[in-house]
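A.B. asks: sequence? don't have it. structure:
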(Lines give C-alpha, C1' and ligand atoms only; values in the text may rest on other atoms or scores of the structure.)
Protein backbone atom coordinates (compact mmCIF):
# COMPACT_ATOMS: atom_id res chain seq x y z
CA UNK A 1 0.00 0.00 0.00
CA UNK A 2 1.27 3.44 -0.88
CA UNK A 3 -1.58 5.76 0.11
CA UNK A 4 -5.10 6.20 1.41
CA UNK A 5 -7.55 8.02 -0.83
CA UNK A 6 -11.03 9.22 0.04
CA UNK A 7 -14.09 10.97 -1.29
CA UNK A 8 -16.16 13.01 1.10
CA UNK A 9 -19.65 14.33 1.53
CA UNK A 10 -20.03 15.15 5.22
CA UNK A 11 -16.37 14.67 6.16
CA UNK A 12 -16.58 11.30 7.92
CA UNK A 13 -14.50 9.45 5.31
CA UNK A 14 -11.86 12.18 5.52
CA UNK A 15 -11.72 11.82 9.32
CA UNK A 16 -11.36 8.03 9.08
CA UNK A 17 -8.69 8.42 6.39
CA UNK A 18 -6.66 10.75 8.62
CA UNK A 19 -6.93 8.37 11.59
CA UNK A 20 -5.90 5.44 9.39
CA UNK A 21 -3.02 7.51 8.00
CA UNK A 22 -1.76 8.21 11.53
CA UNK A 23 -1.92 4.53 12.45
CA UNK A 24 -0.29 3.22 9.26
CA UNK A 25 2.10 6.01 8.35
CA UNK A 26 0.59 6.20 4.86
CA UNK A 27 -0.33 9.57 3.34
CA UNK A 28 -4.05 10.37 2.97
CA UNK A 29 -5.32 12.30 -0.05
CA UNK A 30 -8.70 13.32 -1.39
CA UNK A 31 -9.43 11.77 -4.78
CA UNK A 32 -8.69 15.11 -6.44
CA UNK A 33 -5.32 15.42 -4.67
CA UNK A 34 -4.47 11.79 -5.38
CA UNK A 35 -4.83 12.23 -9.12
CA UNK A 36 -2.07 14.87 -8.95
CA UNK A 37 0.22 13.18 -6.41
CA UNK A 38 -0.07 9.41 -6.93
CA UNK A 39 0.97 7.66 -10.11
CA UNK A 40 -1.60 5.35 -11.73
CA UNK A 41 -1.55 1.66 -10.90
CA UNK A 42 -0.23 1.78 -7.32
CA UNK A 43 -1.88 -0.01 -4.40
CA UNK A 44 -4.17 2.22 -2.34
CA UNK A 45 -6.83 2.00 0.33
CA UNK A 46 -10.06 3.70 -0.78
CA UNK A 47 -12.63 5.24 1.58
CA UNK A 48 -15.84 6.95 0.61
CA UNK A 49 -19.39 7.66 1.58
CA UNK A 50 -22.20 5.27 0.70
CA UNK A 51 -25.23 6.13 -1.40
CA UNK A 52 -27.71 3.68 -2.91
CA UNK A 53 -25.52 0.73 -1.96
CA UNK A 54 -22.37 2.00 -3.66
CA UNK A 55 -19.19 3.58 -2.33
CA UNK A 56 -18.86 6.97 -3.97
CA UNK A 57 -15.50 7.39 -5.68
CA UNK A 58 -14.76 3.66 -5.77
CA UNK A 59 -15.26 3.24 -9.51
CA UNK A 60 -12.92 6.18 -10.23
CA UNK A 61 -10.34 4.76 -7.84
CA UNK A 62 -10.47 1.35 -9.52
CA UNK A 63 -9.86 2.96 -12.92
CA UNK A 64 -6.65 4.63 -11.72
CA UNK A 65 -5.27 2.48 -8.90
CA UNK A 66 -5.09 -1.02 -7.43
CA UNK A 67 -7.71 -0.84 -4.68
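C.D. replies: The structure has been received and is ready for your questions. These numbers were taken from a predicted model, which means no experiment stands behind them.
A.B. asks: tell me what the longest helix seen in the chain is packed against?
C.D. replies: Ranked by residue count and defined by DSSP state H, the top helix of the chain is helix 12-24. Helix 12-24 makes packing contacts with strand 3-6, strand 28-30, strand 44-47 when contacts are defined by 3 or more Cβ pairs under 8 Å, 6 or more residues apart in numbering; DSSP states H and E. For glycine as for every other residue, the C-beta is placed from the backbone atoms N, C-alpha and C.
A.B. asks: quick one: mean pLDDT for the first one?
C.D. replies: Which is strand 3-6. The pLDDT scores in strand 3-6 average 97.
A.B. asks: hmm, back to that, which residues touch the longest helix of the chain?
C.D. replies: Helix 12-24 is contacted from outside by 1, 4-8, 26-28, 30, 45, 47-49, using Cβ atoms under 8 Å, 6 or more residues apart in numbering.
A.B. asks: pick the one among the residues you listed closest to residue 37.
C.D. replies: Nearest to residue 37 among those: residue 27, at 7.9 Å, using Cβ to Cβ.
A.B. asks: how many residues are close by that closest one?
C.D. replies: 15 (other Cβ atoms under 10 Å).
A.B. asks: that one: what's it in contact with?
C.D. replies: Counted by Cβ under 8 Å, 6+ apart, residue 27 has contacts 3, 4, 21, 37.
A.B. asks: farthest pair within those?
C.D. replies: 21 and 37 (13.5 Å).
A.B. asks: who's more crowded, those two?
C.D. replies: Remark: of residue 21 and residue 37, residue 21 carries more neighbours, 17 against 11, as counted by other Cβ under 10 Å.
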